[in-house]
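**Student:** Please find the sequence and the predicted model below.
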Amino acid sequence: MKGKFIVFEGIDGSGKTTQINQLSEWLIGTDLIPENNQLVITREPGGTKLGKHIRSLLLNTSIEKSPDPITELLLYAADRSQHVNEIIIPTINKGDWVISDRFCGSTLAYQGYGRKLDINLIKNLETIATQGIYPDVTFLLDIPVEESIKRRINRKDDRIEKEGKEFLSNVALGFKTLSKDRKWKKISAINSKEKILSEIQSEIKQLIKNK
Ligand code: TMP
């Protein structure tokens with residue numbers, strides 16, 4: 001049996017790392033993942049060795065000239081193609097579970113709604129890069145843009161995070177629109193860690209029940 005593919009999305013500072021850690025601790029302690037199968041935590045960009053190089057090209061702030069928007073889009077697609085081939089497909093084919101910090105939704109939100117690149121172009125590239133793989137569930141950790149800015153005040157911004165409030169608001173709108181899909185679940189991430197986890201847990205239990 002194939003493993004499950006779970007994705008977390010959200011604007012910067014939405015608490016994806018905390019939630020992924022909490023969820024994986026909980027999952028490992030349950031019998032939801034079949035015996036002899038594992039849980040693999042990964043991320044985009046940078047989930048593979050090659051992807052780590054691509055991540056640094058994409059997010060480095062000391063780079064002399066930023067990539068143009070199409071180059072940026074292609075670099076995210078290249079990172080995803082390698083990630084899908086090397087990690088995601090082999091892992092779920094073994095029956096193991098994958099939790100990925102970001103996936104295609106980020107490209108639609110950041111490069112589509114943020115950079116205003118053509119959504120159909122992004123979707124075509126997505127089909128190539130993902131080979132048709134789609135997450136079983138995508139959790140959108142939803143926080144107001146002001147909260148994202150506040151939470152990151154003492155943190156060094158990467159090249160994308162430096163884009164400012166208007167860009168981030170467009171990205172947030174993109175995520176909200178994407179989260180209307182039935183395979184997405186929008187969760188208010190300004191609630192307590194425990195409340196957020198419990199919403200995620202019930203969604204995962206539902207996912208197993210409906211398999
Ligand atoms: P992270 O800080 O959550 O690891 O994400 C890296 C940055 O890359 C974040 O600012 C969002 C951005 N990003 C895109 O612009 N497009 C994408 O397709 C992905 C996966 C991330």
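**Tutor:** Done, it's in.
**Student:** from here on, contacts and neighbour counts on C-alpha atoms
**Tutor:** Fine.
**Student:** Can you get me a residue count around Asp136?
**Tutor:** When neighbours are counted by other C-alpha atoms under 10 Å, Asp136 registers 15.
**Student:** so who does it touch?
**Tutor:** Lys4, Phe5, Ile6, Lys183, Leu207 (C-alpha atoms under 8 Å, 6 or more residues apart in numbering).
**Student:** For the residue of the chain found nearest the ligand, which residues are in contact?
**Tutor:** Residue nearest to the ligand within the chain (C-alpha to the nearest ligand atom): Thr107, separated by 3.4 Å. Thr107 is in contact with Leu73, Tyr76, Ile122, counting by C-alpha under 8 Å, 6+ apart.
**Student:** Now Leu141: which helix or strand?
**Tutor:** For Leu141, the element it lies in under DSSP states H and E is strand 137-142.
**Student:** Just the buried residues of the next helix or strand after that strand, please?
**Tutor:** Later in the chain than strand 137-142, the nearest helix or strand by DSSP H and E is helix 145-151. Buried residues in helix 145-151, counted by 16 or more other C-alpha atoms under 10 Å: Val145, Ser148, Ile149.
**Student:** hmm, whichever strand or helix holds His53 in reach of the ligand?
**Tutor:** Using DSSP H and E, His53 sits within helix 49-59. No. Using C-alpha under 6 Å from any ligand atom, helix 49-59 never reaches the ligand; the gap is at least 6.7 Å.
**Student:** by contact count, what packs against that helix?
**Tutor:** Secondary-structure packing of helix 49-59 (3 or more C-alpha pairs under 8 Å, 6 or more residues apart in numbering; DSSP states H and E): helix 69-83.
**Student:** Downstream of the helix it packs on, the next helix or strand is which one?
**Tutor:** Where DSSP H and E defines the elements, the next helix or strand beyond helix 69-83 is helix 89-93.
**Student:** so what does that next one touch, helix or strand wise?
**Tutor:** strand 97-101.
**Student:** Identify the farthest-apart pair in the contacts of Asp136.
**Tutor:** Largest separation among the contacts of Asp136 by C-alpha to C-alpha: Lys4 and Lys183, giving 12.8 Å.
**Student:** Now the common contact residues for those two.
**Tutor:** Going by C-alpha under 8 Å, 6+ apart, residues that sit against Lys4 and also against Lys183 are Pro135, Asp136.
**Student:** That'll do, ta.
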